[in-house]
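# predicted model and sequence follow; I will ask about them next.
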Amino acid sequence: MDTSVPQFYPTLFVLVTDVMDTVGNLVWDRIKRKSEVDDCDNLVALLPAEFTADDVRPEAKETCSNWFYKIGCIRELLPRIYLEIAILRCIYFLEKDPPVASIRRLNLMLRGIADPLASAYAHLYLARRGQVLFPSDSGDSDAPNSYGTFAGFSQMPVPSAISQNRDYLINGLNDYLFLFRRVLQGEFDKKISASGIDRRLYVTLVEPVFEWIMKCILKGANQEEMAFIVHAFGEPEPLTPRRRSGNGGQDNQEPVSVLVHYMLKQLPSAYIASEALNILKLVKSSKDISLSQHLNYKLLGEKLCECSPPRENQLTILNEVWKVVMTYASLPEYITVADVFVDYILQYCTEVELAVLLKDILKHLRKSDASDVVLMSLESIIFKLVTHYTDITKVLNLVHVVDVLDVFYGEVRLSVFKRILASVTRGNQKISDPVTRHIIFEQGRVLHDSLDSLSSEDDRRQITRLVARFVQLVDLGSDLEQHLAFLVDCRAAFGNMDLLRETVVHVSNRLSISALQMAGGSTDKETVEFVKACVTFNGITIPSITSIIPRIHLFLETAESAFMNGLLSHTEDLIKTALKCLQDASVGDGLKPKEFEESVCSFLLKLISFLTLVPGHGELGPFYILRGILTLLDTRTRLVTGRGRLRVLCGVVCMLAAVREGKSFHITLNEQVDNNDVLYFEDSSYEEELAEITAIVVDMLVTCLDQDYDKAQTGYQYLDACNALVTAFRVDGDLQILCTGLLQKASALMIDTDAYLQATAWYVQRRGIT
């Protein structure tokens, strides 16, 4: 095959060997048919699946011999070798035993191919076809391991324990290494340059040959066989007499780097771990251009991470490796090995060794600019540290880690910061260390500033959630003012994140409750001032939130916090602000109508429940806020409709019933706050207003029932209203007639077996209503 364009030779090899395999199969089928039928195509006897030469007819043997004779007459060496390898399986028609002698003869013939590339792929084809001829577990200890009649040719002495399916591979690879070393020494540079490539690229074209042959050699090898193979191809080995004379009388040669690499790749991790020091010497001595030495160190480190070396050798291995690696002038090569051995140190060594390694990494980083390849390896190092330590504070407090983080830039920097924030959120551990808090805060700021109009929604959502969770986990202990100042900084730094603004409001309310707890449940001047600061902070932050639903809920939450701390005026202002927002809101607000209505209904029910505890106003009356809610329902009828509107009115009915119950029903959250029972004690106007507003609500409820917003839900609406009225009031007179009528209307619209209908009927009957 033509080797004038070496880059295409592997492709040409695949195409040619595919044709050769087809030829070999056709010849096999032809000879097999010749053995099974006569010249008149009459069936004589089918050959068994595992036939021997004794089962083959003489005519078929003659045909088979002719094929080998014809191939032997081809004058060109390479075609003759390829054709004979292709039909080598046919030797079973002539001989009982596997064609050991034929394969060894072909191995010797391959020595005559002077072109390194052609010789390499010829060895590869022989190795591939040989795997078909020999079962994977074949091995005959009685079979000779020398070349018999070819004793004039020197051969590597192979122990008798090495099976036949490895014998020819070992000797063939040993033969080719003699030619390959001449390539490494530059003897073929003139020819290689003429083809338009350099020596390194030429060597790369041969790599698949070493990988495949080494894979075949080590497949299923036992401990003794692996030891021999490592010794044969790895450790410096005295040359055979034939090679000494052809190599200037040198007694030893360095192992070939590419061969060492694929040998390490195929060797089991357990074997490498047990022989780590010997294999380390092997890697250290492989320095040729066939493959960069750092790739062998990288592979060795990966294997040692998979299986632990002896404890007494763990530190020795690290020291021996780093004596060589620290001298690398190439930063990408250095950092590639460092990436692997960070994992090694995390598994087998202490933080002392880790600190030394990080210091050395930083020293190399300062010598040259970090390329994208270097950044990827650095990113892997940080990921390993973050994964190994469950506490992010431990990682960031490691010596030189922060300095290494400063090296990152671009997309890799964002990826690393996301990973660190993700580690924080997964750990769910409080962040109290000021250094850690500052570092993660700055990383969150960088991520926030990276978002723009071109950022995807997934990136925006992910970063927002990570930063918001970080803010939730920050814990400054009893220093509440410092914590509030931190929230102010967060609001300023992360101004484009609605979820973050919601989070800082939640945390601010949590701080105000913590202040009340620290004061023992009674507010002093200092506590009141701090709570006022929290309420003011929330009052500034909440209006900047885009969505109306989170905004009104946060106003209500802040009102509850202010109420618990005795700030009644702030509580009323916050509630009125929330109702004003709802009054001005457009239906939908980016949500589906059903979702928006459900959210508003939930808010109103929560607010109505809260009003049970909030005292009235001295001038505006005890129920002026409730009247505002009823006015809102009348003026903005589309905010809550159908069963949702009915639920709100039923909630108001229950709230009024709770107020009517008096002191026994109220829960005092703050002793400094008087409820309506105290403010309007024995005040007849209070009772009159309570009765008046109750009548208004009941009329609104009946009016709501007469509006058929959803006929499918009408029966359930009747039951909702009936349950609310029966639960809230003493049912007699007109109210009894109303409840009975509601139950009857529901019964007419629903099936008798409906569980809600049956439960309501039982409850009404229990209350004595017939």
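Structure received. Numbering: from 1, shown residues only.
# other residues contacting stretch 287-303?
Here stretch 287-303 makes contact (CB atoms under 8 Å, 6 or more residues apart in numbering) with 180, 184, 199-200, 203, 207, 254, 256-261, 264-265, 267, 269, 272-273, 279-280, 283, 286, 321, 324-325, 328, 330, 333-334, 336-337, 339-341, 343-344. To be clear about C-beta, it is placed using only N, CA and C from the backbone, and glycine gets the same treatment.
# again with stretch 385-401
Residues from elsewhere that reach stretch 385-401 (CB under 8 Å, 6+ apart): 342, 346, 351, 354-355, 358-359, 361-362, 382, 402, 419-420, 423-424, 427, 429, 431, 433, 435-436, 439-440.
# again, 6 Å this time
L346, A355, L358, K359, L362, S423, V424, G427, D433, T436, I439 (CB atoms under 6 Å, 6 or more residues apart in numbering).
# what about the contacts of stretch 287-303, which are in helices?
180, 184, 199-200, 203, 207, 257-261, 264-265, 269, 272-273, 279-280, 283, 321, 324-325, 333-334, 336-337, 339-341, 343-344 (DSSP state H).
# just the buried ones from these?
Buried subset of those (neighbour count, 16 or more other CB atoms under 10 Å): 180, 184, 199, 203, 207, 257-261, 264-265, 269, 272-273, 279-280, 283, 321, 324-325, 333-334, 336-337, 339-341, 343-344.
# who wins on neighbours among the contacts of stretch 385-401?
The most crowded member of the contacts of stretch 385-401, judged by other CB atoms under 10 Å, is V424 (24 neighbours).
# quickly find the element holding that one.
Secondary structure from DSSP states H and E places V424 in helix 410-427.
# just the CA trace of whichever helix or strand comes after that helix, in CSV.
Using DSSP H and E, the next helix or strand after helix 410-427 towards the C-terminus is helix 434-450. Extracted C-alpha coordinates of helix 434-450, given in CSV (Å, rounded to 0.1, in the frame of the first residue of the first chain):
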residue,chain,number,x,y,z
PRO,A,434,-17.2,36.6,57.5
VAL,A,435,-14.5,35.7,54.9
THR,A,436,-16.7,33.0,53.4
ARG,A,437,-19.7,35.3,53.3
HIS,A,438,-17.7,38.1,51.6
ILE,A,439,-16.3,35.7,48.9
ILE,A,440,-19.6,34.1,48.0
PHE,A,441,-21.3,37.5,48.0
GLU,A,442,-18.8,38.8,45.5
GLN,A,443,-19.2,35.6,43.4
GLY,A,444,-22.9,36.2,43.4
ARG,A,445,-22.4,39.8,42.3
VAL,A,446,-20.3,38.6,39.4
LEU,A,447,-23.0,36.1,38.4
HIS,A,448,-25.7,38.8,38.7
ASP,A,449,-23.7,41.2,36.6
SER,A,450,-23.2,38.5,33.9
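# who's in contact with helix 434-450?
Residues from elsewhere that reach helix 434-450, judged by CB under 6 Å, 6+ apart: T393, L396, L414, F417, I431, I463, V467, F470, V474, A493, F494.
# now do the buried residues in the helix or strand where L738 lies.
When elements are assigned from DSSP H and E, L738 belongs to helix 734-749. The neighbour-count check on helix 734-749 (16+ other CB under 10 Å) flags L735, Q736, L738, C739, L742, L743, K745, A746, S747, L749 as buried.
# any chance of those in a markdown table with pLDDT as columns?
Below are the buried residues of helix 734-749 laid out as a markdown table (pLDDT from 0 to 100):
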| residue | pLDDT |
| --- | --- |
| L735 | 76 |
| Q736 | 79 |
| L738 | 82 |
| C739 | 82 |
| L742 | 81 |
| L743 | 82 |
| K745 | 83 |
| A746 | 82 |
| S747 | 83 |
| L749 | 81 |
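# quick one: contacts for V731?
Neighbours of V731 in contact, by CB under 6 Å, 6+ apart: C739, I769.
# now swap in F210 and tell me
V258, L259, Y262.
# wait, isn't the last one in contact with I213?
If I follow you right, that is Y262. No: in this structure, Y262 is not within contact of I213 by CB atoms under 6 Å, at 8.5 Å.
# mean confidence for the helix holding V424?
Helix 410-427 carries an average pLDDT of 92.
# what angle do that helix and helix 434-450 make?
Using axes from the mean of the first three to the mean of the last three CA atoms, to 10 degrees, the inter-axis angle of helix 410-427 relative to helix 434-450 is 130 degrees.
# mind listing what's buried along helix 410-427?
So helix 410-427, judged by 16+ other CB under 10 Å, has buried residues 412-414, 416-425, 427.
# go through those residues and name the one nearest L554.
The nearest member of the buried residues of helix 410-427 to L554, counting by CB to CB, is T425 at 22.1 Å.
# wait, isn't the closest one in contact with R469?
Yes: counting by CB under 6 Å, T425 touches R469, with 4.2 Å between them.
# which residues touch G644?
Contacts of G644 (CB under 6 Å, 6+ apart): E597, C601.
# the host helix or strand of it: which residues count as buried?
For G644, the host element (DSSP H and E) is helix 642-661. Residues of helix 642-661 classed as buried by neighbour count (16+ other CB under 10 Å): 642-659.
# tell me the contacts of the spatially most central residue of the chain?
With distances taken as CA atoms, centre = their mean, R419 lies nearest the centre of the chain, 10.1 Å away. Contact partners of R419, counting by CB under 6 Å, 6+ apart, are F383.
# mind doing that once more with 7 Å?
F383, V386 (CB atoms under 7 Å, 6 or more residues apart in numbering).
# next one: Y9
Y9 sits next to T3, L117, Y121, L205 when contact means CB under 7 Å, 6+ apart.
# can you rerun that using 6 Å?
Neighbour list for Y9: T3, L117 [criterion: CB under 6 Å, 6+ apart].
# residues making contact with stretch 374-384?
Contact with stretch 374-384 is made by L331, P332, I335, T336, D339, V342, D343, V412, V416, R419, as judged by CB under 6 Å, 6+ apart.
# excluding chain neighbours, what is closest to the fifth one?
Setting aside the residues directly before and after it, D339 is nearest to S377 in space (CB to CB, 6 or more residues apart in numbering), at 4.3 Å.
# ok, the third one next?
Nearest residue to I335, sequence neighbours excluded (CB to CB, 6+ apart): S377, at 4.3 Å.
# quick check: which element contains the one you found?
Using DSSP H and E, S377 falls in helix 372-388.
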